[in-house]
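**Student:** Sequence and predicted structure below; questions after.
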Amino acid sequence: MAVEDAIAALREHWDDVISQLDPQAAGQLGRLVGELSGPGREAAADQIADILVDSLPARHPVRRALVSGVMSSPLVLDWDSVAADLLARAGLSVPGEPEFADDSAPSVAEILRRVTERLLAAPALSEQQVLGHGADPADPGLIRLPRPDGGQQWPLFQFTPGNGPLRVVRAINILLDADGDPLGAADWWLSRNGWLDGRPSELLGRVPDDVLLSAARVVGSEV
């Protein structure tokens, strides 16, 4: 069903979707994902679908998944896993453990702040360490994450031990426009990918490079 396809696509593109929603829609989405594991999941999924249709451009991969479906066969989702994953992506608590005293939804700024904190917590190199790996810190094929203190850091998974950046990482980063959207590119690498059944950053060297490239092309060609 198209709704299941869209929810699966939402897992892959969460941060990009949130960045395109207004604060009210982002707050509603944050509330609704927690309801996907309860008895009202069908109503919550339908409301999520309404938000996606109203808020996303026609060519966005999540919108396309909702309208026409992008999977080769109907999906059977583990709704509890989906809800937990989306809540984690949003930096929210599990259902039944409200984080806000007035039970209000977090603002889009708060959601993005939490996502950024999660990405910045991953192992990373400083500019001097990048130079020590024989790489150019300004390379558009490398993810440079801005920090709240005004500095930058380069996620460690991009580099081989004692050597320069991995070729497949540079190729994928360019596909994902890491230079223009470093947070989105980092989120792709550091979040679980349903099609790959794991975090891409942890699959380097474990799955063929062309498999990683194919998964990235799905994102890079649609957004």
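**Tutor:** Looks like it came in fine.

**Student:** how many neighbours does Val169 have?
**Tutor:** 25 (other CB atoms under 10 Å). Placement of C-beta: from N, CA and C, glycine included.

**Student:** Which helix or which strand is home to it?
**Tutor:** Val169 is part of helix 167-175, with elements assigned from DSSP states H and E.

**Student:** Which is the succeeding secondary structure element to that helix?
**Tutor:** Scanning onward from helix 167-175 (DSSP H and E), the first element met is helix 182-190.

**Student:** Quick one: residues in contact with that following helix.
**Tutor:** Contacts to helix 182-190, defined as CB atoms under 8 Å, 6 or more residues apart in numbering, come from residues 12, 14-16, 19, 115-116, 118-119, 122, 143-146, 155, 157, 169, 172-173, 176-178, 199-201, 216, 219.

**Student:** out of the residues you listed, which are buried?
**Tutor:** Buried by 16 or more other CB atoms under 10 Å: 12, 14-16, 19, 115-116, 118-119, 122, 143-145, 155, 157, 169, 172-173, 176, 178, 199-201, 216, 219, out of those.

**Student:** Tell me if Leu131 really is in a helix.
**Tutor:** Yes - checked against DSSP: H, G, I helix; E, B strand; the rest coil, Leu131 lies within a helix.

**Student:** Report the secondary structure state of the closest residue to it other than its chain neighbours.
**Tutor:** Nearest residue to Leu131, sequence neighbours excluded (CB to CB, 6 or more residues apart in numbering): Pro137, at 6.6 Å. State at Pro137, reduced to three classes by three-state DSSP: coil.

**Student:** Excluding chain neighbours, what is closest to Ile172?
**Tutor:** Ala216 (4.3 Å).

**Student:** So the one you found versus Val168, what's the distance?
**Tutor:** 9 Å (CB to CB, to the nearest Å).

**Student:** With Gly164 as the reference, measure out to the most centrally placed residue in the chain.
**Tutor:** Nearest to the mean C-alpha position of the chain, counting by CA atoms, centre = their mean, stands Asp187 at 4.3 Å. In this view, Asp187 and Gly164 are 23 Å apart by CB to CB.

**Student:** That'll do, ta.
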